[in-house]
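Trainee: Need a 3D model of the sequence below.
(chains A and B)
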Amino acid sequence: MGVAAPDPAATGGWRRRLSAQLERATGAFGGQVRSRLLVWQRLDDDFYETLLEILISADTGQPLAEAIVDDLRQRAVRAGANRPEQGLALLRDALLGQMRDRARGLDLDGLPAVVLAVGVNGAGKTTTVAKLAHQLRASGRTPLIAAADTYRAAAIEQLQVWAERAQVPVVAHRPGADPGAVVFDSLAAAQARGCSPVLVDTAGRLHTRQPLMAELAKIVRVIGRQLPGEPREVLIVLDATTGTNAVAQARSFQEWVGITGAVVTKLDGTARAGYVLRVEGELRVPVKLVGVGEGIDDLGPFDPETYLTALLRGPVADPAG
Amino acid sequence: MFDALTDRLGLAFRRISAKGKLTPADVEAGLREVRLALLEADVHFRVARDFIERVRARAVGEEVLGSLSPGQQVVTIVHEELVRLLGGETRRLTYEPRPPTVVMLVGLQGSGKTTTAMKVALLARRDGHQPLAVAADLHRPAAIEQLEQLGRSQDVPVVRPAERPPAGSDLAAATVAVCRAGIAEAAARGADVVVVDTAGRLQLDQAMLQELDQVRSAIPVHHALLVVDAMTGQEAITVAAAFKERAAVTAVVLTKLDGDARGGAALSMRAATGLPILYCGTGERPQDLEPFHPDRMARRILGMGDVLTLAERAQEQVDRTTQQAVEERMLAGRLTLDDFVAQLRQLRRMGSMESVLGLLPGGRQLVRGGAAELPDDRQLRRMEAIVLSMTPEERRRPEIVDASRRRRIATGSGSTPADVSRLLRGFAQLQGLMRGLGGAGGRRGLAQRFLQGGLPGLPPGALRG
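Mentor: Purely as a prediction, here's the structure:
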């Protein structure tokens, strides 16, 4: 995975995989699935109502869904479009226009660079850190993992198992230790061994718990004091099955520690993570990575085009039918 | 929890309540607000639509238009329908007459199965049973160790595979083996509740179903609980339906309800699948699992507070005898620093300050508006450390603490002399407050408030470490 500067060939392969994973989730193996929007003959109220449902059921939230539909109605009139294919193309272009030109690469220029993974419980921080470490190592870097989740039972062991698979060193203290101290030691170790980047796995915390958010802010301060300019990357890890609460999570972490990007995990379920549009649009936080499987290679750059295709296709099976 | 939904409904109904009578147009405007609020709370859009239909059918009839306070009437209807949607009555896990009762936890990755497994075991113990947990998640690295460590800290026996199954081996066979071992161990130890933690997946796939089926064929499973993150979006309905249909799930446990998740997942799953919601996780500590009360939850949604839960929690956590002794000394105006520490500990046991305040009517606004500056757990611990670093004599007569003693106490407790002064000042204020109150009734009331709810009796700065 070309993190800093994507390798075009590798990215093409990843895009195919990403696309395949997203299609697998909708029950369509490999084939092109027609968007549910294309069942209509014209750009009429049925079409727009379907679009609204697709967006809401993808967790964009009602206000954004309505705004997108209104916007498309106007665009369609201006363009003189009246076929669903045209409408879909207009919509894709409009959304893509907003998502293009965002810096989605990781900034890893520091010596060592520090990448902090933050998020609520169960979002997939530990797994993401391990996968990222594996890929960075495969691309010739020398990452080091800081096991700063000293709270959850066996979080350190979990990280150690992953790190062993990825063959990446881990700096860990005892359970219950001060996470700031773990980070401090990790940075010192990275400097001594010439490792970079340092990937910091933090304890999951609900974004509404002030004391825990303050603790996270302290970890960031510890890093900044030791290495001015770091952490360069503070990545919020978001679960694809989360609803609009993901926006609240991102906003809170943004306010407390200033996030530089998002990682959307578990994107190979049927969830479409429509909140991505809001995290990018409202909070100006780019999605930098997505996780699409359980394997150590199943993490890669976020590709807006593939994402939008899956988003606008709509759910295939709907038990609420 | 559900607070944003509460705010929205509150707003919608203030508008309606302000008028004397409701026109059909009023009802429509109110219902639109309700619908938006539900969607914003991540309620599935079809569930929200059906809900609105039911409320409209009842609200537009004469039931509302002819009544004295139509706004209130609509609130009542919405409340009733919410209770209905949430499942009506509170349910409890039923324990088998012939032990052991086997409870299996299933769910997607990261929903909180392992933590919940220990919480369910502890709840069974609170119900008077002898729980045992089985670490049958052989997929996630260190899931076994996580359950083991939790079990050790809570004194719940945990059965694990004899050795880590080698990579690439048949995990299903090993899963079945550990489940059987769990049942045998339960019989040997006389444990009558067996909680099985299983492996999560990214989605309900064939491999997972096979594994669950094999567990079922190996041991009797009485309850299969689906663990779902309260922050789940529109997907909740799909997840619940799939697990109900294909994995024979019997009930739902909702986790992470202590955040600001609006809990639409709860409404959706219940409405779409009929699966009852059994418990909800309300914090990170192993004892933070509570029965799910549809009625209370609906009251909460409507901003009526949840005083019942708070009272129950206080009752569960507060040590009766200590409380009486403290209350008497307090009434006599002789509260000591030792009592103060005892109270701090009880406050901490009741849960985080935010969660306690959140249960009070209007408490959410207080927390969010920053009106109540709450001491967090760490501050409470620091205050406790300060008092514990004082000599018995100093605790009895704090007035003898001079600069030199202050320095010693600060060193001993890892704080600063200023922290020590602040705590003593707060304590003096508290004592003054107790003494200053006239009339035994008023004083008793205040003492009880302090003991049960804690905060309202304290001056705002008093508890800040």
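Trainee: Which pLDDT value belongs to residue A:194?
Mentor: pLDDT for residue A:194: 95.
Trainee: Just give the nearest non-adjacent residue to it, would you?
Mentor: Once flanking residues are discounted, residue A:194 sits nearest to residue A:142: 6.9 Å by Cβ to Cβ, 6 or more residues apart in numbering or on different chains. (C-beta placed from N, C-alpha, C; glycine too.)
Trainee: how near is the one you found to chain B?
Mentor: Going from residue A:142 to chain B by Cβ to the nearest Cβ, to the nearest Å gives 23 Å.
Trainee: Give the bridge partners for that residue, please.
Mentor: For residue A:142, the beta-bridge partners under DSSP bridges are residue A:196.
Trainee: so what's the residue of the stretch 201-350 of chain B found nearest chain A up against?
Mentor: Across the stretch 201-350 of chain B, the shortest distance to chain A (Cβ to the nearest Cβ) belongs to residue B:233, at 2.4 Å. Residues near residue B:233 by Cβ atoms under 8 Å, 6 or more residues apart in numbering or on different chains: A:59, A:241-246, A:271, A:275, B:42, B:264-265.
Trainee: And residue A:242, by the same measure?
Mentor: By Cβ under 8 Å, 6+ apart, the residues touching residue A:242 are A:59, A:123, A:249, A:273, A:275, B:229, B:231-233.
Trainee: swap in residue B:112?
Mentor: A:121-122, B:227, B:229, B:255-256, B:281.
Trainee: Residue A:149 too?
Mentor: Remark: with contacts taken as Cβ under 8 Å, 6+ apart, residue A:149 is in contact with A:125-126, A:155-156, A:159, A:179, A:201-204.
Trainee: and if we set it to 10 Å?
Mentor: Residues near residue A:149 by Cβ atoms under 10 Å, 6 or more residues apart in numbering or on different chains: A:117, A:125-126, A:129, A:155-156, A:158-159, A:172, A:175, A:179, A:182, A:200-205.
Trainee: Narrow the contacts of residue B:233 to those in strands?
Mentor: Among those, none falls in strands (DSSP state E).
Trainee: Which of the residues you listed sits closest to residue B:403?
Mentor: Within the contacts of residue B:233, proximity to residue B:403 (Cβ to Cβ) peaks at residue A:245, which comes in at 50.5 Å.
Trainee: how deep is the nearest residue to that closest one once chain neighbours are set aside tucked in, by neighbour count?
Mentor: Counting by Cβ to Cβ, 6+ apart, residue B:231 is the residue found nearest to residue A:245 once chain neighbours are left out, at 4.2 Å. Residue B:231 has 34 neighbours, counted by other Cβ atoms under 10 Å in any protein chain shown.
Trainee: Wait, residue B:231 touches residue B:266, no?
Mentor: No - the pair residue B:231 and residue B:266 does not pass the contact test of Cβ atoms under 10 Å, sitting 11.1 Å apart.
Trainee: Can you pull the residues that touch both of the two?
Mentor: Common contact partners of residue B:231 and residue B:266 (Cβ under 10 Å, 6+ apart): B:42, B:254, B:257.
Trainee: Tell me which helix or strand the last one sits in.
Mentor: Which is residue B:257. Using DSSP states H and E, residue B:257 falls within no helix or strand.
Trainee: if we take the contacts of residue B:233, which one ends up nearest to residue A:313?
Mentor: Comparing these against residue A:313 with Cβ to Cβ picks out residue A:271 as the nearest, at 13.3 Å.
Trainee: Quick check: residue A:178 vs chain B, distance?
Mentor: On the measure of Cβ to the nearest Cβ, residue A:178 and chain B end up 12 Å apart.
Trainee: ok, now which ones touch that residue?
Mentor: With contacts defined as Cβ under 10 Å, 6+ apart, residue A:178 is in contact with A:148, A:150, A:184, A:215, A:218-219, A:222.
Trainee: out of these, who's near chain B?
Mentor: Among these, the ones lying close to chain B by the criterion of Cβ under 10 Å from any Cβ of the partner chain are residue A:215.
Trainee: Would you reformat the contacts of residue A:178 as JSON lines and include secondary structure and distance to residue A:84?
Mentor: Shown next, in JSON lines, are those (DSSP: H, G, I helix; E, B strand; the rest coil; distance: Cβ to Cβ, whole Å):
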{"residue": "A:148", "secondary structure": "strand", "distance to residue A:84": "50"}
{"residue": "A:150", "secondary structure": "coil", "distance to residue A:84": "54"}
{"residue": "A:184", "secondary structure": "helix", "distance to residue A:84": "58"}
{"residue": "A:215", "secondary structure": "helix", "distance to residue A:84": "51"}
{"residue": "A:218", "secondary structure": "helix", "distance to residue A:84": "53"}
{"residue": "A:219", "secondary structure": "helix", "distance to residue A:84": "50"}
{"residue": "A:222", "secondary structure": "helix", "distance to residue A:84": "54"}
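Trainee: Could you identify which of the contacts of residue A:178 has the most neighbours?
Mentor: Neighbour-wise, those (other Cβ under 10 Å) top out at residue A:148, 30 neighbours.
Trainee: shouldn't that residue be in contact with residue A:205?
Mentor: No - the pair residue A:148 / residue A:205 is not scored as a contact, 11.8 Å apart, by Cβ under 10 Å.
Trainee: between these two, what contacts are shared?
Mentor: Contacts common to residue A:148 and residue A:205, judged by Cβ under 10 Å, 6+ apart, are residue A:216.
Trainee: In terms of pLDDT, where does residue A:63 sit?
Mentor: pLDDT at residue A:63 comes out at 92.
Trainee: hmm, back to that, check pLDDT for the contacts of residue B:233 and point me to the minimum.
Mentor: Within the contacts of residue B:233, residue B:264 has the lowest pLDDT, namely 81.
Trainee: And for the nearest residue to it once chain neighbours are set aside, the neighbour number?
Mentor: Distance criterion Cβ to Cβ, 6+ apart; nearest residue to residue B:264, sequence neighbours excluded, is residue B:42 at 3.4 Å. Residue B:42 has 31 neighbours, counted by other Cβ under 10 Å.
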